[in-house]
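Engineer: could you work out the structure for the sequence below:
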Amino acid sequence: MVVVYNSKTNFTKKYAVGYAKSKNLECYSLKEAKRLKKGMDIAFFGNIRLGKISKFKKVNKKFNILILACVGLDTNIVKREKELKELYNKTVFYFVGGINVNDLKGFDKFIMKKVVKSIEKQYKEHPTNNLEYQLRSIKSGISQVDLTKLNKIF
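Structural biologist: Numbers count the residues shown, from 1 in each chain. Next up is the predicted model:
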């Protein structure tokens, strides 16, 4: 097994590389993984984009995903893992990361501006610690990467 990751702002990459090192596995970005054999067993780490794991379908067509993990801004880990398990019909390990808007380009930057407006509206109507954290993370690039959380993956 090898680790493959898709990361826009390097938070997912940090978890993927950390997991690979802890298990003594090779680690490849999705771009680098193009040269790997079809059907190979992998642990896939993807970033959350619009509520879904970015590039999951593409990766799932080429590889046998034994471990599925993702990184996003939502701090309600139990809720996110449950939603993602229902969406993908398999166990998903969710980790809180962060975002650096300055690293985004084009459509991703455009979408993030829309996401910020949506979160601001939600926060005005129903302020929660989770929404406050998301806004602070997006606006300041705060990282919540905690590699000790990788222990939950067998």
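Engineer: and the strand or helix carrying R80, what does it pack against?
Structural biologist: For R80, the enclosing helix or strand under DSSP states H and E is helix 77-88. Helices and strands touching helix 77-88, by 3 or more C-beta pairs under 8 Å, 6 or more residues apart in numbering; DSSP states H and E, are strand 52-53, strand 64-72, strand 92-96. (Glycine included, C-beta is placed from N, CA and C.)
Engineer: now do 10 Å
Structural biologist: Counting contacts by 3 or more C-beta pairs under 10 Å, 6 or more residues apart in numbering; DSSP states H and E, helix 77-88 packs against strand 52-53, helix 56-62, strand 64-72, strand 92-96.
Engineer: against which helices or strands is the first one packed?
Structural biologist: Right, the one you point to is strand 52-53. Going by 3+ C-beta pairs under 10 Å, 6+ apart, strand 52-53 lies up against strand 41-49, strand 64-72, helix 77-88.
Engineer: likewise the third one?
Structural biologist: In terms of contacts (3+ C-beta pairs under 10 Å, 6+ apart), strand 64-72 is packed against strand 2-6, helix 11-23, strand 41-49, strand 52-53, helix 56-62, helix 77-88, strand 92-96.
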